[in-house]
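1. predicted model and sequence below, questions to follow.
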Amino acid sequence: MSTSAASHLPPAYPERAAWGTAGKLRAWQASALEAYLTERPRDFLAVATPGAGKTTFALRVATELLDRGEVQRICVVAPTEHLKTQWAEAAAKVGIRIDPRFANAQGRHSRDFDGVAVTYAGVASKPLLHRARTEAARTLVILDEVHHGGDALSWGQAVRDAFEPATRRLALTGTPFRSDTAAIPFVRYEMDAEGVLRSSADYTYGYADALRDGVVRPVLFLSYGGTMRWRTKVGDELEARLGEPLTQDVTKQAWRTALDPAGDWIPSVLRAADKRLTEVRRHVEDAGGLVIASDQRSARSYAKQLREITGEAATVVLSDDAGASARIEEFAEGDSRWMVAVRMVSEGVDVPRLAVGVYATSTSTPLFFAQAVGRFVRARRRGETASVFLPNVPLLLGHAGSMELERDHALNRKESDEDQLWSEEDGLVAAAQADEGASDDLEGSYEAIGSDAEFDHVLFDAEQFGLGGMPGSEDEDDYLGLPGLLEPDQVATLLRERQKTQVGRGGGRERAEAVSAHRALAEHRKELNKLVSAYAQKKGQPHAVVHAELRRASGGPELATATSEQVRERIDTIRRWFVGRR
């Protein structure tokens, strides 16, 4: 930076030279910076796991390009209004002046700033304005969470139109995969060995790498099941247990029933999560918790329940406005226990003290799940752990078990029918969340009656611990009471020790036999559900009607409480029906 230029910097902004050497960067940031400066490409995609420090890397690139005169202006494109402010504050610490309040109506930004921060939505509303601004000066465009450029055809095209003239484009993401196949602007795609076009990153720093380096925390997933009861739109009352083999429709309704604030599942899980938070705070005094809700009505109800549990008001973040940003910042800088939010805290928001989470949303895509878990993994010192409480839904447990897998955005990947159905469901939920008082658009198709929660197991490093533990028992307390400061290998060791203790309390062989019986029953139920689905399709009847007829013909209680013998009898009965014997 020249002396004349530096003399115009306001006192609030430090010299950009304050960066010093690359030695102040984390190893991966220094390596990525070297890769960037060696090639100096027009487009560069950096994929780094949430919590690894993508913002710091990007700002270092920006200072290098500004100081060398290769660019004159910075434009940061972020997903939300809150992240615009977060970028501006981070940039200010290294002497880059970013205006987060720039609006399209202004057209130009003040000469006091080196650039602006805008949202993808803002760019999409006036792409030609941003194109003119990009053409007016040599510009570095930083595309934060660039996968948002594929959110809609109009958004993607707007980003292309606006920033095609840019001198440099730096794309960042922690979650490069998507559930759709819309191309992301300025991302390079290459054909893999299977003939699938996949996004190609210029630098990748994954969760496994960051965990090994102590940059992120290890995550324990605590899964809770239980019995759910609801009434369908045709008046049938159904009952199912989370975690058992169910049809997709039944799983969705059971899952939404679990999240219903009027049931017992949510308050039970919130009490368990708060108990875990108390244990973590014995070692990390300012550790905080976050509940991610499906909609704003539920968020308010969860906050009320947390106040009853803890005696302390929770911070509630309902919408992406200036007041919400202030509440997030106040929570981040304080030491209160809980924050409850809908979607805006799931991506990019930096609250390093978050250590315990409750995934109380019906959003199911791997992208959203990874973003949500990313809020809890940022490490401040070695030994910190993260704990995330989940409904016992196979889809979510699958996401949790694959956290260390590297996944790319595939353009011509063929989606399974199940992926497509879950993705469509998430779209409806997202639409509902846009309304201040909205809840799930699908609620009209059923009515929640009741629910209860049961501790099921802990998932760590793709291994399960605590299977068969009873809720409120010593087993559950053992896992909730894990110390808040542990290295990853210590976590695994302690989990194995507590698993051994749990089996010993259950009498060893007796517990193993009980688990085997449970799995056998689950397989029988899975087989019956497949047969019912096929028969219902053949006869053009709802699944619930077929189940009811089977129960009348074979006797016994509802499927959720039927014994293995009763389930096998129903299997034999429906097989006879297929060949015309009643």
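-> Structure's in. What do you need?
2. mind listing the residues bridging to Ile98?
-> Gly115 (DSSP bridges).
3. tally of neighbours for it?
-> Using other CB atoms under 10 Å, Ile98 has 25 neighbouring residues. The way it works is simple: take the backbone N, C-alpha and C, and place the C-beta from them, glycine included.
4. do I have it right that it meets Leu83?
-> No: counting by CB atoms under 8 Å, Ile98 stays clear of Leu83, with 11.6 Å between them.
5. overlap in contacts of the two?
-> Taking CB atoms under 8 Å, 6 or more residues apart in numbering as the criterion, Ile98 and Leu83 both touch Ala117.
6. quick one: contacts for Thr119?
-> Contacts of Thr119 by CB under 8 Å, 6+ apart are 77-81, 84.
7. swap in Ala90?
-> 55-56, 59.
8. same question for Val458.
-> Contacts of Val458 by CB under 8 Å, 6+ apart are 220-223, 464-466, 479, 495.
9. for these, which one is nearest Trp28?
-> Nearest to Trp28 out of the contacts of Val458 is Leu220 (CB to CB; 24.4 Å).
10. from Phe465, how far out is that closest one?
-> 9 Å (CB to CB, to the nearest Å).
11. would you tell me which strand is longest in the protein?
-> strand 219-232 (DSSP state E).
12. tell me which residues in that strand are buried?
-> 219-230, 232 (16 or more other CB atoms under 10 Å).
13. would JSON lines of these with distance to Pro127 and pLDDT be doable?
-> Listed next are these as JSON lines, based on distance: CB to CB, whole Å; pLDDT from 0 to 100:
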{"residue": "Val219", "distance to Pro127": "39", "pLDDT": "91"}
{"residue": "Leu220", "distance to Pro127": "44", "pLDDT": "93"}
{"residue": "Phe221", "distance to Pro127": "41", "pLDDT": "94"}
{"residue": "Leu222", "distance to Pro127": "45", "pLDDT": "94"}
{"residue": "Ser223", "distance to Pro127": "44", "pLDDT": "92"}
{"residue": "Tyr224", "distance to Pro127": "46", "pLDDT": "93"}
{"residue": "Gly225", "distance to Pro127": "48", "pLDDT": "90"}
{"residue": "Gly226", "distance to Pro127": "49", "pLDDT": "89"}
{"residue": "Thr227", "distance to Pro127": "52", "pLDDT": "90"}
{"residue": "Met228", "distance to Pro127": "46", "pLDDT": "93"}
{"residue": "Arg229", "distance to Pro127": "50", "pLDDT": "93"}
{"residue": "Trp230", "distance to Pro127": "45", "pLDDT": "93"}
{"residue": "Thr232", "distance to Pro127": "46", "pLDDT": "83"}
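14. contacts only, for the spatially closest residue to Val393 that is not a sequence neighbour.
-> Computed as CB to CB, 6 or more residues apart in numbering, the closest residue to Val393 that is not its neighbour in sequence is Trp255, at 5.6 Å. With contact taken as CB under 8 Å, 6+ apart, Trp255 is in contact with 242, 362, 391, 393.
15. so which of the residues you listed wins on neighbours?
-> Pro391 (30 neighbours).
16. quick one: pLDDT of it?
-> pLDDT for Pro391: 95.
17. that one and His543, how far apart?
-> 21 Å.
18. that older thread, mind listing the shared neighbours of Leu220 and Phe465?
-> 458-459, 479.
19. keep only those of those that are in helices.
-> Among the shared contacts of Leu220 and Phe465, the ones falling in helices (DSSP state H) are Tyr479.
20. for the shared contacts of Leu220 and Phe465, which one is nearest Gly149?
-> Looking across the shared contacts of Leu220 and Phe465 and measuring by CB to CB, the closest to Gly149 is Leu459, at 32.5 Å.
21. which one is that closest one nearest to, not counting chain neighbours?
-> Nearest one to Leu459, counting by CB to CB, 6+ apart, is Phe221 at 4.1 Å.
22. in the stretch 351-500 of the chain, which spans are helices?
-> Under the criterion DSSP state H, counting those that start in this stretch, the stretch 351-500 of the chain contains helices at 366-374, 394-401, 417-433, 474-480, 488-505.
23. Ser336 contacts Thr315, correct?
-> Yes: the criterion here is CB under 8 Å, and Ser336 meets it with Thr315 at 6.5 Å.
24. neighbour-wise, which of the two wins?
-> More crowded of Ser336 and Thr315, by other CB under 10 Å: Thr315, with 20 against 16.
25. how much does the longest strand of the chain deviate in direction from helix 394-401?
-> 170 degrees (axes from the mean of the first three to the mean of the last three CA atoms, to 10 degrees).
26. following strand 219-232 in sequence, what is the next regular element?
-> Downstream of strand 219-232, the first helix or strand assigned by DSSP states H and E is strand 237-242.
27. could you dump whichever helix or strand comes after that following strand to CSV, C-alpha only?
-> Following strand 237-242 in sequence order, the next helix or strand is helix 248-259 (DSSP H and E). Output of helix 248-259 as CSV, limited to C-alpha atoms (Å, rounded to 0.1, in the frame of the first residue of the first chain):
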residue,chain,number,x,y,z
GLN,A,248,-41.2,-42.7,3.6
ASP,A,249,-44.6,-41.1,4.2
VAL,A,250,-44.9,-42.6,7.7
THR,A,251,-41.4,-41.6,8.5
LYS,A,252,-42.1,-38.0,7.5
GLN,A,253,-45.3,-37.9,9.6
ALA,A,254,-43.7,-39.5,12.6
TRP,A,255,-40.8,-37.1,12.4
ARG,A,256,-43.1,-34.1,12.2
THR,A,257,-45.0,-35.5,15.2
ALA,A,258,-41.8,-35.7,17.2
LEU,A,259,-41.1,-32.0,16.5
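28. as JSON lines, the shared contacts of Leu220 and Phe465 with pLDDT and distance to Val47 would be great.
-> As requested, the shared contacts of Leu220 and Phe465 are arranged in JSON lines below (pLDDT from 0 to 100; distance: CB to CB, whole Å):
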{"residue": "Val458", "pLDDT": "89", "distance to Val47": "29"}
{"residue": "Leu459", "pLDDT": "86", "distance to Val47": "24"}
{"residue": "Tyr479", "pLDDT": "85", "distance to Val47": "33"}
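29. now the shared contacts of Leu220 and Phe465 in JSON lines, with distance to Trp155?
-> As requested, the shared contacts of Leu220 and Phe465 are exported to JSON lines (distance: CB to CB, whole Å):
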{"residue": "Val458", "distance to Trp155": "39"}
{"residue": "Leu459", "distance to Trp155": "35"}
{"residue": "Tyr479", "distance to Trp155": "43"}
